[in-house]
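>>> A structural model of the following input is requested.
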Amino acid sequence: MLNIAVVEDEPDLREEICEFLTLSGMTACGMGSGEELDDHLDARACDVVVLDINLPGEDGFRIAHRLGARDGLGVVMVTSRAALEDRVHGLKTGADAYLVKPVDLQELVATVESVCRRTKRDAPAAPSSPTPQTPSADRHAGEWHLRRLGWELAGPNGRSVALTAAEHDFLARLLAAPGRPVSRADLLGAHPPVPEGDLRKLDAVVRRLRRKVEDEIGFPLPVRAAHGIGYTATEMIVS
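Numbering: from 1, shown residues only. The predicted structure is shown next:
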């Protein structure tokens, strides 16, 4: 799962981008300045930075320039500055891609994925060294358990999170079709067309569940958005 940092000083747009990236199967964290980005990168690994130019304090050009020293980190500029000289300057200072607002969020997702593939391919391979692994970590890697009794989801590290009725129903319906996309209508137990308000409620349930699982279990929820369809569950086991 890709870890994305979104640096955008407009809160509504920042939240919208983070939400769409999350619904697309990524982990996205938003921040409003270069200083907040530095704190985030010091504490957590990141694959791609989605970066505005007009930011309080240090602007996006300067941020992109110094981020270029980090191997394997991609930079996608998303800005309202559409002039050719700005595009050229952005790419020369370190951006891997340059998108102009208003940006189509599906295009942004595709761009982030493309940049990540390129940066990971070009990054120097880390030296291999024998690192011991605990047998328990190997044995439980990738195993998620949806417990029918108690309404809990247990992660691969053995930690669990309590589920609401809506969250448990969502996961149970996904697990009925392992590895296959399930339409949002089926996830709601409804017949299409489904009212837009109900679809938004479902997306809100998924968004809250992602945050809760990552906060309490420490792993990202293994659920991906299937564009134009619904959601797909991966590596989950009913117990």
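
>>> Test my guess that residue 55 contacts residue 33.
Yes - counting by C-beta atoms under 8 Å, residue 55 does reach residue 33; the two are 5.7 Å apart. Any C-beta I mention is one placed from the backbone N, CA and C, and that applies to glycine too.

>>> which residues are common contacts for the two?
Common contacts of residue 55 and residue 33, defined by C-beta atoms under 8 Å, 6 or more residues apart in numbering, comprise 7, 9.

>>> More neighbours: which of these two?
residue 55 (23 against 17; other C-beta atoms under 10 Å).

>>> Next, work out how far apart the more buried one and residue 5 are.
Plainly put, residue 55 is 13 Å away from residue 5 if you go by C-beta to C-beta, to the nearest Å.

>>> Low-confidence stretches in this structure?
120-142, 148-150, 227-228, 235-239 (pLDDT under 70).

>>> C-terminal to the longest helix seen in it, which secondary structure element comes first?
Scanning the chain for the longest helix, with DSSP state H as the assignment, gives helix 196-216. Using DSSP states H and E, the helix or strand that follows helix 196-216 in sequence is strand 223-226.

>>> how close does the closest residue to residue 50 other than its chain neighbours get to residue 109?
Of all residues not flanking residue 50 in the chain, residue 6 sits nearest, at 4.6 Å (C-beta to C-beta, 6 or more residues apart in numbering). Remark: distance between residue 6 and residue 109 (C-beta to C-beta) = 12 Å.

>>> Show me the common contact partners of these two, please.
In contact with both residue 6 and residue 109: residue 21, using C-beta under 8 Å, 6+ apart.

>>> And the two? Which one has more around it.
Each of residue 6 and residue 109 has its neighbours counted (other C-beta under 10 Å); residue 6 has more, 26 against 21.

>>> what's near enough to touch residue 43?
Residue 43 touches nothing, counting by C-beta under 8 Å, 6+ apart.

>>> Please apply the same query to residue 184.
Applying C-beta under 8 Å, 6+ apart, the residues contacting residue 184 are 194, 199, 202, 229, 230, 231.

>>> Top of those residues by number of neighbours, please.
residue 231 (23 neighbours).

>>> Specify the local secondary structure of it.
strand (DSSP: H, G, I helix; E, B strand; the rest coil).

>>> now swap in residue 145 and tell me
From three-state DSSP, the assignment for residue 145 is strand.

>>> was I right about it contacting residue 156?
No - if you go by C-beta under 8 Å, residue 145 and residue 156 don't touch, sitting 9.2 Å apart.

>>> Can you show me the helices along the chain?
11-23, 34-43, 60-67, 84-93, 105-122, 135-140, 165-175, 184-187, 196-216.

>>> circling back: of the contacts of residue 184, closest to residue 66?
residue 231 (37.5 Å; C-beta to C-beta).

>>> Quick check: bridge partners of that closest one?
Going by DSSP bridges, residue 231 is paired in beta bridges with residue 182, residue 225.

>>> and residue 219, what is it in contact with?
155, 156, 157, 213.

>>> Compare those residues and tell me which has the most neighbours.
residue 213 (23 neighbours).

>>> Could I get the phi/psi values of the residue lying closest to that one once chain neighbours are set aside?
Leaving aside its sequence neighbours, residue 213 sits nearest to residue 221 (C-beta to C-beta, 6+ apart; 4.4 Å). Per-residue torsions, residue 221: phi -60, psi 130 (degrees, to the nearest 10).

>>> Quick one: residues contacting residue 221.
So residue 221 contacts 209, 210, 213, 214 (C-beta under 8 Å, 6+ apart).

>>> and of those, the nearest to residue 42?
Looking across the contacts of residue 221 and measuring by C-beta to C-beta, the closest to residue 42 is residue 214, at 18.8 Å.
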